[in-house]
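# Requesting a structural model of the entry that follows:
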Amino acid sequence: MKLIIAIVHERDRQDICDLLLENNWRFTVVASTGGFLREGKSTLLIGAEDDQVDNILEVIKSASSSREQIMTQPPMDLMGGAASVMAPVRVRVGGAVMFVVNVEQFEKA
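The predicted model follows:
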């Protein structure tokens, strides 16, 4: 058995959850925040049999779109003492980060 930990952009969360439910895959969603842009993320915890992992990863990839976003100024805690205003910068956001880990033991109470 495996545990898939998928960190996805908040905009993609609902589409991913709908696809997982259509395939009868159970999961838990935990609200989280991205480190660099401090944007809304969702962390999905998905328990899966070994033979289901590749299919689940493909479903998540298919619904996780990356896109460009214009960032005008980094969060204040990243600026340090500098108070200058930066020129707008294009950054890539979205997509999914996925980890697959072995589950040593699983119990359902």
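
# wait, what's in contact with the nearest residue to V103 once chain neighbours are set aside?
For V103, ignoring the flanking residues on the chain, the nearest one in space by Cβ to Cβ, 6 or more residues apart in numbering is M1 at 4.3 Å. Glycine gets a C-beta too; all of them are placed from N, C-alpha and C. Shown here is M1, whose contacts under the criterion Cβ atoms under 8 Å, 6 or more residues apart in numbering are G47, A48, E49, D50, N102, V103, F106.

# How about the contacts made by the fourth one?
Contacts of D50 were listed using Cβ under 8 Å, 6+ apart, and they are M1, K2.

# Helices along the protein, start to end?
In the chain, helices defined by DSSP state H lie at 10-22, 53-63, 76-79, listed in chain order.

# would you turn those into TSV with mean pLDDT, mean neighbour count and distance to V97?
What follows is these, written out as TSV (pLDDT from 0 to 100; neighbours: other Cβ atoms under 10 Å; distance: least, Cβ to Cβ, whole Å):
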stretch	mean pLDDT	mean neighbour count	distance to V97
helix 10-22	94	16	12
helix 53-63	96	16	10
helix 76-79	56	10	20
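
# Can you tell me which of those helices is nearest to M98?
Minimum separation from M98 across those (Cβ to Cβ) falls at helix 53-63, 6.0 Å.

# Dig out what the closest residue to R90 other than its chain neighbours forms beta bridges with.
Nearest residue to R90 in three dimensions, chain neighbours excluded: E68, at 5.1 Å (Cβ to Cβ, 6+ apart). Taking DSSP bridges, one finds R92 as the beta-bridge partners of E68.
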